[in-house]
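A.B. asks: Prediction below, plus the sequence it came from.
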Amino acid sequence: MTAEVGDRAAVDLAYAGTSPDVPLLRLEHLSKSFGAVQALTDVTLDVPVGQVTALTGDNGAGKSVLIKCIAGIHRPDEGRLLWEGDEVSFRGPRDAAALGIETVYQDLALCDNLDVAQNMFLGRERLRHGLLDHDAMEQAARETLASLSVSTIASVRQRVASLSGGQRQSVAIARSVLWHSRLVIMDEPTAALGVAQTAVVLQLIRRLAGRGVAVVVISHNLNDVFEVADRIAVLYLGRLAGVHPVAELDRRAVVELMTTGRSDRIG
Ligand SMILES: Nc1ncnc2c1ncn2[C@@H]1O[C@H](COP(=O)(O)OP(=O)(O)OP(=O)(O)O)[C@@H](O)[C@H]1O
């Protein structure tokens, strides 16, 4: 399969077959334990297209375990995942990736010794007459970065080792656009970034959602959460303490949900 680059194609693809009433992904009554540790208990959460859902919660609340269930790394003990309304079960991360689920972990799986374009096509290289088609890949990488208005990367031939944290996040986000990912999960995307780079990455995350991609962002940083999210889901001791549109919440309500599992300040 060759990658088509272009805003319209990406949006069409992301929305294709998605009824507004059926979320792209629905987690239904998910539970997961590790021996005596109950990491997730009865979590039900919808993930709609075109929106940023922030997933927050205190240390150990279950955020990573939840995204690993979505990414096909963990199998839930109970509950099910519905993709566009149909039950799916993942034998591993490849199954999740095949549906268009891309997870961008904090340590970004980029290869330092390769350049930007090579990283964006890693594992899915484009061939021409049996040889790597570097020109086509570089062109597509450039177009994708331009379509996201990424201006901080001077050349797609630049080695990733020389990029800043924010630039690396930009490459990871552009890769998900290039491959028409439909759900992008980002684990603490701004954790290692300064103020200016954080602003750039948050903007990019908004653009990703603006293309009809469903985005889940794990973050402890409430400034970022309120800036980027449409909806905030809070986990407390493995249970979903609440999921609400940002407009219904203030910081105190989120902190209360994170620390006590409840809040009277919502609405
Ligand atoms: N592979 C594992 N084996 C045993 N226990 C685990 C495993 N993974 C997670 N846990 C436990 O599950 C609970 C939830 O962990 P999780 O990593 O999802 O929390 P988190 O919300 O991502 O926390 P943090 O913000 O600190 O990363 C914790 O008690 C953790 O110790």
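C.D. replies: Now that the structure is in, tell me what you want to look at. Numbers count the residues shown, from 1 in each chain.
A.B. asks: CA only for contacts and neighbour counts going forward, please
C.D. replies: Fine.
A.B. asks: next helix or strand past the longest helix seen in the chain?
C.D. replies: Of all the segments of type helix in the chain, defined by DSSP state H, the longest one is helix 195-210. Downstream of helix 195-210, the next assigned helix or strand under DSSP states H and E is strand 214-218.
A.B. asks: what pairs with that next one, and is each one parallel or antiparallel?
C.D. replies: Note on strand 214-218: by DSSP bridges, its sheet partners are strand 52-57 (parallel), strand 183-187 (parallel).
A.B. asks: And those strands: which comes nearest residue 113?
C.D. replies: For the strands paired with strand 214-218, the distance to residue 113 is smallest for strand 183-187, at 23.1 Å, taking CA to CA.
A.B. asks: Check what contacts that closest one and list those residues.
C.D. replies: Applying CA atoms under 8 Å, 6 or more residues apart in numbering, the external contacts of strand 183-187 come out as 49, 67, 100-106, 176, 213-219.
A.B. asks: what angle sits between it and helix 195-210?
C.D. replies: Counting by axes from the mean of the first three to the mean of the last three CA atoms, to 10 degrees, strand 183-187 lies at 160 degrees to helix 195-210.
A.B. asks: Can I get stretch 81-90 as PDB, trimmed to CA atoms?
C.D. replies: What follows is stretch 81-90 as a C-alpha-only set of coordinates in PDB (Å, rounded to 0.1, in the frame of the first residue of the first chain):
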ATOM      1  CA  LEU A  81     -13.300  -3.100  23.200                       C
ATOM      2  CA  LEU A  82     -15.600  -1.900  20.400                       C
ATOM      3  CA  TRP A  83     -14.200  -0.400  17.300                       C
ATOM      4  CA  GLU A  84     -16.900   1.500  15.400                       C
ATOM      5  CA  GLY A  85     -19.400  -0.500  17.300                       C
ATOM      6  CA  ASP A  86     -17.800  -3.900  16.600                       C
ATOM      7  CA  GLU A  87     -16.100  -6.000  19.200                       C
ATOM      8  CA  VAL A  88     -12.400  -6.400  18.600                       C
ATOM      9  CA  SER A  89      -9.800  -8.400  20.500                       C
ATOM     10  CA  PHE A  90      -6.100  -7.800  20.000                       C
END
